[in-house]
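S.K.: Dropping the sequence and predicted coords here.
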2 protein chains.
Amino acid sequence: MPAEYSSHGLWIVGLGPGRSEYMTSRAVEVLSHVEYVIGNDSYLDAIEPLLEGKQVIRSSMGKEVDRAKKAIQLAQVHPVAIVSGGDAGVYGMAGIVLEVLEHEGAIIPVEIVPGVTAANAAASVVGSPLSGDFAVISLSDILTPLEVIEKRLDAVFSVGIPVVIYNPRSHGRPDNFALAMEHARKYYPPSVPIAIIKNALRNQGSDPVTTTLGEIGNCIEEIDMHTTVIIGGTESRIWRMGNNVKGIITPRGYHRKYVY
Amino acid sequence: MPAEYSSHGLWIVGLGPGRSEYMTSRAVEVLSHVEYVIGNDSYLDAIEPLLEGKQVIRSSMGKEVDRAKKAIQLAQVHPVAIVSGGDAGVYGMAGIVLEVLEHEGAIIPVEIVPGVTAANAAASVVGSPLSGDFAVISLSDILTPLEVIEKRLDAVFSVGIPVVIYNPRSHGRPDNFALAMEHARKYYPPSVPIAIIKNALRNQGSDPVTTTLGEIGNCIEEIDMHTTVIIGGTESRIWRMGNNVKGIITPRGYHRKYVY
């Protein structure tokens, strides 16, 4: 639905993991075109140099509905970008903006600009844990009941595919990650690899940690709301180079077809 | 594991969906630095202007193991990029390159540059179908047995999360998509929305089609190996603007918390 450069409308833009070098050219181009940029503080700070001369509206976490309404109201007469970290369509602003747009019956040009989502950014710093099928599950029970999240975890663990965990742990829900690990133990041996990636490809990024389900208990304190956790699947294994643990490989199955 | 700009090493680069405006700056920068670029024809054609002055090695589909070996051999003495469409870590070259690297015991600088994967690119042209938890499953049974794929489909349909289908249908496996729909019907009513996205955000992209599980039978002939299919989950619904069907919305659950 490219809205190209109409005089008004809404661009819902994914900024990628955080460092500007991981933004797409399209996202940069859209930001240079619009008059208004709306987003939450942490994402706006990361793109400060691109905001010169723009009307900037800073919003805070938990205010997504208000932010969506404001963006839609302005977009009736101005070109407006509403930004999300990662990909705007994954736990980002795209869903709520479209819900409010439909509810209000507004008819305006809309374009969603995809970005590198946290799952792919996190995977890239620990090898190739998501080489084949995988699932993405958030442990935040603010918008989804915890028992629904638990059923989803059971379903994906039961078929042995890697899972990317968003929002693994925060002050408000310190125990959801440990609970998820209890579910994993029902299906997996202690050797299944797990990677803990904090602030992947953001400026303040730290070194990722690769461990196993058996050892994860020692790492839980390091996990916070800026962390993405990748739980390997049945076929995943630790990736080493020389004596160094580098991350996780999930083979795609070439070993079943080829000798190498 | 940023390899920054060492005189030799391997950069495994995701090019995004196809149009250069959806590449990251990091991918562009890496391509300008390396001496060798290795990839399959269709991806290399898409980045032709960036290949001037490079040693280009074109490979074909099915030759991934040979391509990985060649890249590793060259990377011992040259800076080498091996490219994949989308994100290199998702059904791309990252997995097999790391497998071969480990098997050969090579110790070289390696960086994986993430890209916008087909799931996110496809979702962006049909609204917000992946707003919350989702799964990504390939229907190609070249490297994964079909019965394993069927179990994975059952597991994710049973908990009602949206699924992105890669490799839905080809000459070699014309019936896997219809089989996947049979599994969907075990769990979903005919109203569950489905989006068919061909060549999302590539130069030759065509308009996406939004339909339902009940009507999907009419669209199967349009689905080929360049198509990504998104099957909505229990909460997904058709997104309309005025009288036009625009795609799919999967609400994240704000309606359970807020009035808007």
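M.R.: It's in. Numbers count the residues shown, from 1 in each chain, chains lettered A, B, ... in the order given.

S.K.: how about residue A:152, secondary structure?
M.R.: Here residue A:152 is recorded as helix under DSSP: H, G, I helix; E, B strand; the rest coil.

S.K.: Check the gap between it and residue A:146 for me.
M.R.: Going from residue A:152 to residue A:146 by CB to CB, to the nearest Å gives 11 Å. In short, each C-beta sits where N, CA and C put it, glycine included.

S.K.: Among those two, which residue is more densely surrounded?
M.R.: Counted by other CB atoms under 10 Å in any protein chain shown, residue A:152 and residue A:146 do not tie: residue A:152 has more neighbours, with 25 against 14.

S.K.: shouldn't that one be in contact with residue B:162?
M.R.: No - between residue A:152 and residue B:162 there is no contact under CB atoms under 8 Å: 11.5 Å.

S.K.: Give the intersection of the neighbour lists for those two.
M.R.: residue B:133 (CB atoms under 8 Å, 6 or more residues apart in numbering or on different chains).

S.K.: Now name the helix or strand holding residue A:131.
M.R.: Assigned by DSSP states H and E, residue A:131 falls within no helix or strand.

S.K.: er, residue A:58 actually
M.R.: strand A:55-59.

S.K.: Flag every buried residue along that strand.
M.R.: Neighbour-count burial for strand A:55-59 flags A:57, A:59 (criterion: 16 or more other CB atoms under 10 Å in any protein chain shown).

S.K.: by contact count, what packs against that strand?
M.R.: Here strand A:55-59 touches strand A:36-40, helix A:41-46, helix A:64-75, going by 3 or more CB pairs under 8 Å, 6 or more residues apart in numbering or on different chains; DSSP states H and E.

S.K.: Pairing partners for the next helix or strand after the longest one, with directions?
M.R.: If I follow you right, that is helix A:64-75. Of the helices and strands lying after helix A:64-75 in sequence (DSSP H and E), the nearest is strand A:79-84. Strand A:79-84 has the following strand partners under DSSP bridges: strand A:9-14 (parallel), strand A:36-40 (parallel).

S.K.: What angle do strand A:9-14 and the following helix or strand past the longest one make with each other?
M.R.: Pointing back at strand A:9-14 there. Where DSSP H and E defines the elements, the next helix or strand beyond strand A:9-14 is helix A:25-33. Helix A:25-33 runs at 140 degrees relative to strand A:9-14, counting by axes from the mean of the first three to the mean of the last three CA atoms, to 10 degrees.

S.K.: one step back: so what sits against both of residue A:152 and residue A:146?
M.R.: Residues touching both residue A:152 and residue A:146 by CB under 8 Å, 6+ apart: none at all.

S.K.: one step back: now the helices and strands packed on strand A:55-59 as CSV including mean neighbour count and mean pLDDT?
M.R.: Formatted as CSV, these follow (neighbours: other CB atoms under 10 Å in any protein chain shown; pLDDT from 0 to 100):
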stretch, mean neighbour count, mean pLDDT
strand A:36-40, 22, 95
helix A:41-46, 16, 88
helix A:64-75, 21, 93
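
S.K.: To residue A:119, which of these lies closest?
M.R.: Of all the helices and strands packed on strand A:55-59, helix A:41-46 sits nearest to residue A:119, with 17.5 Å by CB to CB.

S.K.: Contacts for that closest one next, please.
M.R.: Outside helix A:41-46, the residues within contact range by CB under 8 Å, 6+ apart are A:15, A:18-20, A:37, A:51, A:56, A:58-60, A:83-85, A:202-203.

S.K.: Quick check: which of the helices and strands packed on strand A:55-59 is nearest to residue B:110?
M.R.: It's helix A:41-46; of the helices and strands packed on strand A:55-59, that one is closest to residue B:110 (CB to CB) at 26.2 Å.

S.K.: Export the closest one to CSV, keeping only CA atoms.
M.R.: Provided in CSV are the C-alpha atoms of helix A:41-46 (Å, rounded to 0.1, in the frame of the first residue of the first chain):
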residue,chain,number,x,y,z
ASP,A,41,11.4,8.5,24.0
SER,A,42,13.9,5.8,23.7
TYR,A,43,13.3,5.3,20.0
LEU,A,44,13.3,9.0,19.2
ASP,A,45,16.6,9.4,21.1
ALA,A,46,18.2,6.8,18.8
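
S.K.: Not counting its neighbours along the chain, what's nearest the residue in the stretch 151-260 of chain A that chain B sits nearest to?
M.R.: Nearest to chain B in the stretch 151-260 of chain A, going by CB to the nearest CB, is residue A:253, at a distance of 3.2 Å. Excluding its sequence neighbours, the residue lying closest to residue A:253 (CB to CB, 6 or more residues apart in numbering or on different chains) is residue B:143, at 3.2 Å.

S.K.: Quick check: which element contains residue A:122?
M.R.: helix A:118-124.

S.K.: Can you spell out which helices and strands pack onto that helix?
M.R.: If contacts are counted by 3+ CB pairs under 8 Å, 6+ apart, helix A:118-124 sits against strand A:163-166, strand A:227-231, strand B:110-113.

S.K.: could you redo the last one with a cut-off of 10 Å?
M.R.: In this structure, helix A:118-124 packs against strand A:134-138, strand A:163-166, strand A:193-198, strand A:227-231, strand A:244-249, strand B:9-14, strand B:110-113, helix B:118-124, with contacts taken as 3 or more CB pairs under 10 Å, 6 or more residues apart in numbering or on different chains; DSSP states H and E.

S.K.: To residue B:78, which of the ones you listed lies closest?
M.R.: strand B:9-14 (8.6 Å).

S.K.: angle of the closest one against helix B:64-75?
M.R.: 140 degrees.

S.K.: got the CA positions of strand B:9-14 in CSV?
M.R.: Presented in CSV, the C-alpha positions along strand B:9-14 are these (Å, rounded to 0.1, in the frame of the first residue of the first chain):
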residue,chain,number,x,y,z
GLY,B,9,36.9,-12.8,6.8
LEU,B,10,33.3,-13.6,6.0
TRP,B,11,30.2,-11.4,6.1
ILE,B,12,26.9,-13.2,5.8
VAL,B,13,24.6,-10.6,4.6
GLY,B,14,20.8,-10.4,4.5
